[in-house]
Every structure is written in C-alpha cells, then in structure tokens.
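Enquirer: Following is a predicted model, sequence given first.
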Amino acid sequence: ENHGMWNNTLVVFASDNGGPVYNNGTPGASNYPLKGGKMSNWEGGIRVAAFVSGGLVPPSHRGTRSSQLSALWDWYGTFAYLAGQDPTDHRAASAALPPIDSVNLAPQLLCPRGTAHRQGPGRTELAIGTDVAVNAGSAGNLFVQGLISGRWKLLVGTVLLLIFVLLNLIHNGVFQLVPTRSKVISM
C-alpha cells in the first residue's frame with residue numbers, strides 16, 4: 001500500500017488436492033467432513049479451500065464465499081487475462097491439438113455483481129481423474145475417471161483398493177465370510 005501497488009494486486013491461496021490418506025487408511029491430513037484424500041476423486045481429494053485477497057477484489061466481494069466450480073489450472077487463464085495476454089497456445093492449435101483447459105475466473109471474482117462486465121457462467125463442467133492406472137502401492141491399481149457438471153458428479157472406473165480394504169476388514173474380524181451351500185439347477 002505504501003508504494004501504491006495494492007490496488008493492482010491479486011493474492012491467491014489455493015491447493016492442488018486434499019490431504020493424503022495412506023493405503024492402510026491412516027490419514028496424513030484431515031479432509032473432514034469430506035470423503036477421500038489425495039489421489040482420489042472423492043471430494044476430500046479434489047475439493048480444497050482457496051481464497052483471494054488484494055486491492056483488485058471489489059469491496060462488495062470481500063469477506064464473501066463463492067461456490068463457483070474451478071480448477072487450479074484456471075488461474076493460468078485468469079492471470080493471462082489480468083496481464084493482458086492471450087492464453088491460447090497457437091502452436092498447439094496449428095497442430096490440431098485441443099485448446100488449453102483454463103477458464104478465466106476474473107469476471108466472477110473481480111467484477112461487482114450485477115455489472116455488465118460480469119460475463120459468462122465461468123466453469124460449468126470439470127473432467128476429473130486419469131486415463132491411466134495410478135499405482136496405489138501394495139493395494140493395487142486405481143483407475144477412476146469422472147465428470148462434475150453443475151451439481152452432479154459422475155465417477156466411473158475400477159478401484160482395486162476396495163478389495164484390499166475388504167480383505168483387511170475380514171482379516172480383522174469386522175466382516176465374516178460365511179460359506180453357503182447352493183444347488184445348481186440345470187434346465
């Protein structure tokens with residue numbers, strides 16, 4: 001403020017993922033009340049706290065909450081916009097590669113509500129997960145993808161970690177396998 005820079009400053013605090021939950025179920029951090037942690041697509045793995053501050057934030061937004069869907073990589077498009085730069089990767093575009101997935105958050109964060117400058121809905125969908133199996137240590141492989149669209153979240157894939165957890169519960173006496181007799185009836 002003493003140097004007259006505060007009014008042009010945006011400070012962003014954000015995380016890339018939730019705290020870790022190790023293969024044996026031991027938490028390395030608390031993601032409570034959210035389920036899951038780092039390397040999972042449950043809310044505890046992908047929903048994180050973030051906040052912005054600085055003179056660029058309009059007084060009407062200070063001290064308020066936003067439930068705007070965003071991703072860490074959206075800051076690339078936002079900072080490019082604030083710096084007056086085009087975030088497009090023209091070299092990749094000329095090679096027919098997909099565009100950069102970064103949404104400019106400035107209109108939602110920095111324009112007062114009800115103004116003409118507050119354009120667009122921001123991010124409305126977010127693809128989550130990976131298209132390759134992630135090694136989950138001795139517990140097996142994790143392959144989960146998904147999509148967040150509006151208030152809906154779809155997760156698809158296989159999680160071999162669940163088998164590991166179930167076997168641990170059986171081993172520790174939480175669940176019992178009870179043999180049953182069944183008949184196969186041929187027709």
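Expert: Structure received.

Enquirer: Tell me the secondary structure at the closest residue to Leu147 other than its chain neighbours.
Expert: Distances taken as CB to CB, 6 or more residues apart in numbering place Leu154 nearest to Leu147, at 5.1 Å, with adjacent residues excluded. All C-beta spots, glycine's among them, are computed from the backbone N, C-alpha and C. For Leu154, the assignment made with DSSP: H, G, I helix; E, B strand; the rest coil gives strand.

Enquirer: Hmm, Pro20 is touching Ser40, no?
Expert: No - at 9.7 Å, Pro20 does not count as touching Ser40 under the criterion of CB atoms under 8 Å.

Enquirer: Tell me which of those two has more neighbours.
Expert: More neighbours surround Ser40 than the other of Pro20 and Ser40, with 24 against 15 (other CB atoms under 10 Å).

Enquirer: Tell me which helix or strand Gln145 sits in.
Expert: Element membership for Gln145 (DSSP states H and E) is strand 141-149.

Enquirer: Kindly provide the distance from the residue nearest to Leu147 to Gln145.
Expert: Using CB to CB, to the nearest Å, one gets 9 Å for the distance from Leu154 to Gln145.

Enquirer: The two: who's more crowded?
Expert: Taking other CB under 10 Å, Leu154 and Gln145 do not tie; Gln145 has more neighbours (14 against 10).
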